Structure formats: structure tokens, C-alpha cells
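Chemist: give me the fold of what follows.
(one chain, ligands or ions: 1)
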Amino acid sequence: MPSRLAIYPGTFDPITNGHLDIIDRAAELFDEVTVALAVNSQKAPLFSESERLELIRQAIIERLGHRTNIRVEAFQGLLVDYAKDKRACAIVRGLRVLTDFEYEFQMALINRKLAESISTVFLMPHEQYTYLNSTIVRELARHGSVIDAFVPPCVKAALETKFNLTRK
Ligand code: ADP
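Modeler: Numbers count the residues shown, from 1 in each chain. Presented below is the predicted three-dimensional model:
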């Protein structure tokens, strides 16, 4: 049987413990998971593409080092084209709160129209991460708040460097 690959796409600006929770659950369910950084020239992310890729890779080593079935790469263009190229059977998305649902539902249906063979699979994170997103993490870090519960150590360090908040 061919190995079942799932794609987990996102902006990951930066990767958080919520993302890592979803990656862990996906890695348990599928033979392989590719964390796919969506390169979108219309967004102006805090971290560059290479910084985000490096942080995803480091965070996976720090937190999910026991998993051997996770890859990380960037992609451009339409997600379904990329997923078809990779022969993925699923696109994984995280569902946190009801407000995520409408957009995700719409995207899942459109993606199914474009690629019938690829299913969108929604995973719920542990409830402690349901309120967490990268925007909140960036704002907290910008104002010097404690973010230890929200991101892995490598991301905390990168945010401190970015905002020049390293304290003695
Ligand atoms: P965000 O700014 O919402 O973190 P991303 O594009 O990086 O945006 O998110 C990629 C995917 O990860 C989306 O499916 C999103 O719903 C999911 N996700 C983001 N944060 C969490 C979280 N805390 N728990 C579960 N899923 C999450």
C-alpha cells in the first residue's frame, strides 16, 4: 500500500505550540506529514521564509524529536496543485473555535472541487491551545510579555532577538 501523506499548510509566523500539537496528532494518524510553509507575496510576515522554515525545523526537533515521519518545506502557488504533486491523500487543518469554521469549510469545499482525491481533515488541538494564534504571540512578544507557555524555546529566543527584548 502506498504511504499515506498528509500536508499541513500554514503561514507559521511563527510556529506555536498549537501548530505543534496539530503536527503531532497528524504524525500519529498518517504515514508521513509534510509541514508546508505557504509563501504568499501579499503578506508581510514578521519572520522571513527561511527564518520560519528554520524555526519550524528546530521546533520539531525540540518538541517532536521522537517522530521520524515529519518533513518541512515551502511551497508557492495553489495548495491543491502542490498536494497533488506530492500525491498527498489529505490536507490537515487545525480547528480552534467556531470562527475558524466558516472559512475552513469554504476552503475545504473549494479544494475538494479542485482535487476530488484529497480530503481536508480537521484536527482539534488540546483545549489549552484553542485561543492561541501567531498574531497573539507576536503581539505579546512585541510588548515583552511572558510567552513560554505558547511557543517552544527556539521561537521564544527568535522573538526576543527580533524585538530586542533579551533581558539580563
Ligand atoms: P495562524 O495565524 O492562525 O496561526 P496559520 O496559517 O499559521 O495561521 O495556521 C495554519 C493552520 O494551523 C490553520 O489550520 C490553523 O487553523 C491552525 N492553527 C493555528 N494555530 C492553532 C492552534 N493554536 N491550535 C490548532 N490549530 C491551529
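
Chemist: does the ligand have contacts with stretch 146-157?
Modeler: No - judged by Cβ under 6 Å from any ligand atom, stretch 146-157 and the ligand are separated, with a smallest distance of 8.6 Å. Heads up, the C-betas are built off the backbone N, CA and C, glycines and all.

Chemist: identify the residue nearest residue 104 in space, chain neighbours excluded?
Modeler: residue 93 (5.5 Å; Cβ to Cβ, 6 or more residues apart in numbering).

Chemist: correct me if wrong, but that neighbour is in a strand.
Modeler: Yes - the assignment for residue 93 is a strand, going by DSSP: H, G, I helix; E, B strand; the rest coil.

Chemist: what about it, distance to residue 77?
Modeler: To residue 77, residue 93 is 18 Å away according to Cβ to Cβ, to the nearest Å.

Chemist: the two: which has the busier surroundings?
Modeler: Neighbours were tallied for residue 93 and for residue 77 using other Cβ atoms under 10 Å; the higher tally belongs to residue 93 (20 against 10).

Chemist: just to revisit the earlier point, what residues are up against the residue nearest to residue 104?
Modeler: 8-9, 104, 107-108, 120-123 (Cβ atoms under 8 Å, 6 or more residues apart in numbering).

Chemist: again with residue 51
Modeler: residue 158.
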